[in-house]
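*Asks:* Got a predicted structure here, sequence first:
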Amino acid sequence: MSFKDRPFSERIKGMGDQAEKRFEEKSPWPFYRYGLNRPDFKLNQASQMVRHTPDYLTEQYLIEVQGLGASRVLHMKPNKLRSLHEWHKQMPVLLFVYDATQNRDTYLTLKTLTGLCEISQTKKFPEGNEYYAIDVDLAWTYGKEGISINLNHP
């Protein structure tokens with residue numbers, strides 16, 4: 001059974017750990033853990049923006065980390081994308097993507113991510129949550145290994 005087809009209660013157990021470790025190993029900036037990391041309580045009462053607080057804070061950026069694997073699809077939920085746009089009003093948001101199958105990583109600007117979502121199919125997880133299904137190879141066409149920013153400047 002592929003990762004996306006597993007029940008959410010199973011997916012959440014290790015969701016993001018490998019990608020976040022990769023970000024921490026390769027970040028070109030000093031960083032501080034910022035977002036929520038599977039708290040011991042439900043977040044039903046929290047706003048979408050709070051639920052989708054970016055994972056890391058740097059001097060110049062908020063960094064959201066996301067991994068993908070054998071499906072070759074980057075899954076981006078519409079409500080998460082909307083929340084990242086709200087965060088972007090406070091500080092520029094970047095998406096760090098780790099492709100575990102190909103052992104490669106990249107950064108995408110929020111503008112690039114939004115454009116990719118606009119041209120991608122909308123699908124649903126088994127529990128019914130919608131997501132934009134972004135083909136990983138399409139994401140990697142934006143600059144050298146998908147990097148769509150100059151890492152030396154905000």
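*Replies:* That came in fine, so what should we check first? Numbers count the residues shown, from 1 in each chain.
*Asks:* contacts, neighbours, all on C-alpha from now
*Replies:* Noted.
*Asks:* where along the protein do the strands fall?
*Replies:* With DSSP state E applied, the chain shows strands at 32-33, 56-57, 62-68, 73-76, 93-99, 104-109, 121-124, 130-135, listed in chain order.
*Asks:* Could I get those in CSV, plus columns for distance to residue 43?
*Replies:* Output for those, formatted as CSV (distance: least, Cα to Cα, whole Å):
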stretch, distance to residue 43
strand 32-33, 19
strand 56-57, 19
strand 62-68, 18
strand 73-76, 19
strand 93-99, 22
strand 104-109, 27
strand 121-124, 21
strand 130-135, 19
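*Asks:* what's the burial count for residue 28?
*Replies:* As a burial measure, residue 28 scores 11 neighbours (other Cα atoms under 10 Å).
*Asks:* re the thing from before, worst mean pLDDT among the strands of the chain?
*Replies:* Per-stretch mean pLDDT for these is lowest at strand 104-109 (a mean of 90).
*Asks:* Return the distance of stretch 104-119 from the chain's centre.
*Replies:* Mean-position distance between stretch 104-119 and its chain equals 9 Å (Cα atoms, centre = their mean, to the nearest Å).
*Asks:* The strands of the chain into a markdown table, with extra columns for mean neighbour count and distance to residue 48?
*Replies:* Below are the strands of the chain laid out as a markdown table (neighbours: other Cα atoms under 10 Å; distance: least, Cα to Cα, whole Å):
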| stretch | mean neighbour count | distance to residue 48 |
| --- | --- | --- |
| strand 32-33 | 14 | 19 |
| strand 56-57 | 20 | 17 |
| strand 62-68 | 23 | 15 |
| strand 73-76 | 21 | 14 |
| strand 93-99 | 23 | 16 |
| strand 104-109 | 20 | 20 |
| strand 121-124 | 14 | 19 |
| strand 130-135 | 20 | 15 |
